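> Build me a structure from this.
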Amino acid sequence: MTGADDVLRELRAEIDAIDAEIFAALNRRLDVVVRLKRHKEEHGLSFLDPDRELRMVDERVRANAGPLSESGLRGFYAELLAL
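All right, here's what the predicted structure looks like:
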């Protein structure tokens with residue numbers, strides 16, 4: 001069973017590393033969103049742009065090769081944009 005445990009450890013370590021990358025990217029994205037919001041406020045622009053959000057999600061759906069489903073991707077973006 002040791003070989004299987006080694007495989008589990010390796011796969012879990014890989015998942016942990018990917019999660020760290022995801023959260024680092026998410027924090028970078030949020031930093032940019034803060035800058036975007038500040039810029040829009042300074043120029044009297046509305047922060048929300050539903051058309052842009054729809055186009056952005058649709059582009060990601062078209063580019064998505066899976067295994068994430070379209071509904072999963074849309075759900076992810078709904079949560080992401082809510083942040």
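
> which residues of this protein score low on pLDDT?
With pLDDT under 70 as the threshold, the chain has low-confidence stretches at 1-2.

> following the longest helix seen in it, which helix or strand shows up next?
Taking residue count as the measure and DSSP state H as the definition, the longest helix of the chain comes out as helix 2-42. Using DSSP states H and E, the helix or strand that follows helix 2-42 in sequence is helix 50-63.

> okay, that next one in PDB with CA atoms only?
Taking only C-alpha atoms (Å, rounded to 0.1, in the frame of the first residue of the first chain), the coordinates of helix 50-63 have been written out as PDB:
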ATOM      1  CA  PRO A  50     -22.900  43.900 -17.600                       C
ATOM      2  CA  ASP A  51     -22.200  43.700 -21.400                       C
ATOM      3  CA  ARG A  52     -18.500  43.400 -20.700                       C
ATOM      4  CA  GLU A  53     -19.100  40.700 -18.100                       C
ATOM      5  CA  LEU A  54     -21.300  38.800 -20.500                       C
ATOM      6  CA  ARG A  55     -18.700  39.000 -23.300                       C
ATOM      7  CA  MET A  56     -15.900  38.000 -21.000                       C
ATOM      8  CA  VAL A  57     -17.800  34.900 -19.800                       C
ATOM      9  CA  ASP A  58     -18.900  34.000 -23.300                       C
ATOM     10  CA  GLU A  59     -15.200  34.200 -24.500                       C
ATOM     11  CA  ARG A  60     -14.100  31.900 -21.700                       C
ATOM     12  CA  VAL A  61     -16.900  29.500 -22.500                       C
ATOM     13  CA  ARG A  62     -15.800  29.400 -26.200                       C
ATOM     14  CA  ALA A  63     -12.100  28.900 -25.200                       C
END
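
> Packing partners of it?
Secondary structure elements in contact with helix 50-63, counted by 3 or more CB pairs under 8 Å, 6 or more residues apart in numbering; DSSP states H and E, are helix 70-82. C-beta here means a position set from N, CA and C on the backbone, and glycine is covered the same way.
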